[in-house]
Structures are given as structure tokens and as C-alpha cells.
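Q: When you get a sec, could you give me coordinates for this:
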Amino acid sequence: MSTTGVFRRITLGIAFAGLMSGAAMAQSQDPTPQQQDIQQDKKDIRQDKKDLNHDRQDRNADQRDINQDKRDVRSDRKDIRQDNRDIRNDKQDIRQDNKDIRNDKTDLAKDRTDRNADQRDINRDKRELARDDAKYGVNSAQAQADRKDLHQDRVDRNQDQRDINKDRRDLNQDRRDRNQDVRDLNADRKDRNQDVKDLHNDKKDLKADRKDRNKDQKDINKDKKDLHKDRADLRKDRKHR
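A: Numbers count the residues shown, from 1 in each chain. Reported below is the predicted structural model:
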């Protein structure tokens, strides 16, 4: 091998070694300020995307809460309307029960009057029967007529007593119905009041959720602006690199 060839090989080796050492030195050097800005811009962009996704998730969750609150408000209003109908019906039932009670009392008083009158007729018939038996004899026409009148008065008196017993049962039943209707009215009023409270609470929740949704939307808009700004900064830093 000639001396020229050996010298050329040595020169190429030295040059290659110089290139490798230069590359290693370049890699070991700290990034330039422009490179640092680019890295920071990329980091900011990644963070902006994360914030944007997070705020969108919050906004969507708030919207679902708003939709549920709207359904709750509609349901509460429907319940209140039904409660008011129940209350009106209960009041009507109570008025009817009180009317029935007054009628029962009137019937009871009338039947007692009839029963007392029948009892007086019975007492009178007994006296007349005793007098006619003594005056005309037990088998006389007058005595037989008195017995017949006495029997009829007893039949009437017994019927009046049955009417009185029935009036008492009706009166007691109407009082029980009236008391039950009063309890129903109180329960329906309690339900209506609770539904009104639920409606107020649901309206408050709806207002709060709308406020949260609007806040999240503002955050989304801000994140978009930050993302656009960071992307613009990245383009500017790359341009001046």
C-alpha cells in the first residue's frame, strides 16, 4: 500500500471522528431560548387542550343537571296541580258530609218526635182499653177497637224506633266519613306544601346549575382563546427559530 493511500485513510478517519464529536457536543449543549419557548408553547397547548376537555365535560354535566332540574320542576308543578284538585275534592266531600250530617240530625229529630208521639198514643190507647174493658167488657166492640188501635200504634212506634236506629247509624257513618275527609284534606295540604317546597328547591337548583353551566362556558371560551394564543406563539417562535 502506498504512503498516499495511508495518509488519505488517516485523514478520513480524523474527519469522521471530528464529525461524531461535533454531533455529540451539539447534543450535549443546552437548548436555545427559542427552543425553550417552543417546548413551553407545546406544553401550554397540551395543558390548554386538557383544560378545554375538562371544562367541556363539566359544561355537559351541568347541562344534564339542568335538563333533570327542568323535568323535576315540571313534575313538581304537575304534583301541585293534582294536590290542589285533591284539596278541592276533599273540601267538596266535607261540605257534602256536613250537609248529610245536618240532614241526619233533622231526620233523627223528626223520627224521635214521631216515636214520642206514637208512645203517647200507646199510653192513651192503654188507658182507653182499660176503661172500655171495665165498662163494656173484654170482648166488647169498643175494647176490640182499642186493642186494634193499640197494636197499630205499637207497630208505628216500633217502626219509628227502627228509623231512629238507622238515622243514628247514618249519622255516625257520615261523621266518620267527614272526619276521614278532614284527615285527607290535611294530608293533601301537607303534600301540596311539600311539593311547593320541592318546586322552590328545584328552581334554586336549576338557577345554580345554569350559573355553573354559564361559568363553564366562559371557561371554555377562555380556554379556546388561550389555545389560539399559545398556537400563535408557537408559530411565531418557530418562525423566528
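Q: Show me the helices in the protein, by range?
A: For the chain, the helices defined by DSSP state H cover 3-28, 33-136, 141-239.
Q: Save those helices as CSV, and put in mean pLDDT too.
A: CSV is the format used below for the helices of the chain (pLDDT from 0 to 100):
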stretch, mean pLDDT
helix 3-28, 56
helix 33-136, 92
helix 141-239, 93
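Q: neighbours around residue 186, how many?
A: Residues lying near residue 186 (other C-beta atoms under 10 Å) number 12. All C-beta atoms are positioned from the backbone trio N, CA, C, and that covers glycine.
Q: Residue 87: what's its closest spatial neighbour, skipping adjacent residues?
A: Closest residue in space to residue 87, ignoring its immediate chain neighbours: residue 188 at 4.9 Å, by C-beta to C-beta, 6 or more residues apart in numbering.
Q: and the one you found, what is it in contact with?
A: 83, 86, 87, 90 (C-beta atoms under 8 Å, 6 or more residues apart in numbering).
Q: For the residue most central in space within the chain, which non-adjacent residue is closest in space?
A: When C-alpha atoms, centre = their mean is applied to the chain, the residue found nearest the centroid is residue 76 (5.0 Å). Leaving aside its sequence neighbours, residue 76 sits nearest to residue 199 (C-beta to C-beta, 6+ apart; 3.9 Å).
Q: okay, now the one you found: neighbour count?
A: Each residue near residue 199 was counted by other C-beta under 10 Å, and the total is 18.
Q: For it, which residues are in contact?
A: With C-beta under 8 Å, 6+ apart, residue 199 has these contacts: 73, 76, 77, 80.
Q: residues of stretch 169-180 that come out buried?
A: Neighbour counts using 16 or more other C-beta atoms under 10 Å place 170, 171, 174, 177, 178 of stretch 169-180 among the buried residues.
Q: Then stretch 209-229?
A: Quick answer for stretch 209-229 (16+ other C-beta under 10 Å): 209, 212, 213, 216, 217, 219, 220, 223, 226, 227.
Q: what does it contact?
A: For stretch 209-229, using C-beta under 8 Å, 6+ apart, the contacting residues are 44-45, 48-49, 51-52, 55-56, 58-59, 62-63, 65-66, 69.
Q: rerun that using 7 Å as the cut-off
A: 45, 48-49, 51-52, 55-56, 58-59, 62-63, 65-66, 69 (C-beta atoms under 7 Å, 6 or more residues apart in numbering).
Q: From those residues, keep the buried residues only.
A: By 16+ other C-beta under 10 Å, the contacts of stretch 209-229 give 45, 48, 51, 52, 55, 58, 59, 62, 63, 65, 66, 69 as buried.
Q: so the second one touches residue 230, yeah?
A: Read it as residue 48. Yes: with contacts counted by C-beta atoms under 7 Å, residue 48 reaches residue 230, the gap being 5.7 Å.
Q: Relative to residue 220, how far out is the residue nearest to residue 76?
A: 31 Å (C-beta to C-beta, to the nearest Å).
Q: again, but for residue 197
A: 34 Å.
Q: picking that back up, name the member of the buried residues of stretch 209-229 with the shortest distance to residue 101.
A: The nearest member of the buried residues of stretch 209-229 to residue 101, counting by C-beta to C-beta, is residue 209 at 51.6 Å.
Q: how about the nearest residue to the closest one, chain neighbours excluded?
A: In space, residue 209 is closest to residue 65, 4.3 Å off (C-beta to C-beta, 6+ apart).
Q: Could you measure from that neighbour over to residue 207?
A: For residue 65, the distance to residue 207 equals 12 Å [C-beta to C-beta].
Q: try residue 145
A: Noted for residue 145: a distance of 91 Å to residue 207, by C-beta to C-beta.
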